[in-house]
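Chemist: The following block contains a protein sequence and its predicted model.
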Amino acid sequence: MSETETGGWADTDTLRAVWDEARDLVRRLEGTSVERLTIVAGGTRIEIERDTAAVTATGAAAVVPAWTAQDGAAVADADARHAITAPLLGTFYRAPQPGADPFVKEGDVVDATQTVAIVEAMKLMNQVHAGIPGRVVEIVAEDGQWVEFEQVLMYLEPAEG
């Protein structure tokens with residue numbers, strides 16, 4: 001391929017890698033409520049936009065997430081639990097690597113800065129911290145599950161005083 005054929009990319013391996021990442025990201029976004037996503041890294045810009053009108057015109061059912069950030073907050077407010085939510089969309093993992101012990105289990109007492117899980121997005125592992133001291137009372141998300149931005153991952157019972 002010439003530089004003109006690759007849109008100015010001199011290195012076809014780099015172009016192919018970016019294209020593969022973009023395709024993977026599009027597959028991961030299927031079934032989510034994300035309508036538009038822009039990623040800028042160095043000199044590369046990837047924009048993905050879902051045409052919701054086209055989806056509706058084809059007769060496909062609209063995808064509605066099973067939860068909303070407001071739903072999670074309402075549940076947490078109702079019983080005074082603290083919801084730990086996903087900081088971004090990606091794959092939720094309870095352990096630092098396959099086969100390792102989970103960061104936390106139900107019943108564990110955690111401090112505010114403690115890592116309780118990770119969310120992988122674009123091959124980057126993003127730590128999820130407790131946010132407040134407390135005891136893990138419920139882990140909602142399944143290990144290896146795709147999670148949305150602000151989806152509730154687990155609940156803490158806040159520490160006294």
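Modeler: Happy to help now that I have it.

Chemist: hey, where'd the helices end up in the chain?
Modeler: Assigned by DSSP state H, the helices in the chain fall at 12-29, 52-57, 69-79.

Chemist: Return the mean pLDDT over the first one, rounded to an integer.
Modeler: Pointing back at helix 12-29 there. In this model, helix 12-29 carries a mean pLDDT of 70.

Chemist: Who are the packing partners of it?
Modeler: When contacts are defined as 3 or more C-beta pairs under 8 Å, 6 or more residues apart in numbering; DSSP states H and E, helix 12-29 packs onto strand 36-41, strand 44-49. Glycine gets a C-beta too; all of them are placed from N, C-alpha and C.

Chemist: Where among these is average confidence lowest?
Modeler: Minimum mean pLDDT among the helices and strands packed on helix 12-29: strand 44-49, a mean of 69.

Chemist: what's the domain layout of the chain?
Modeler: For the chain, automatic domain parsing gives the domain ranges 12-57, 69-158.
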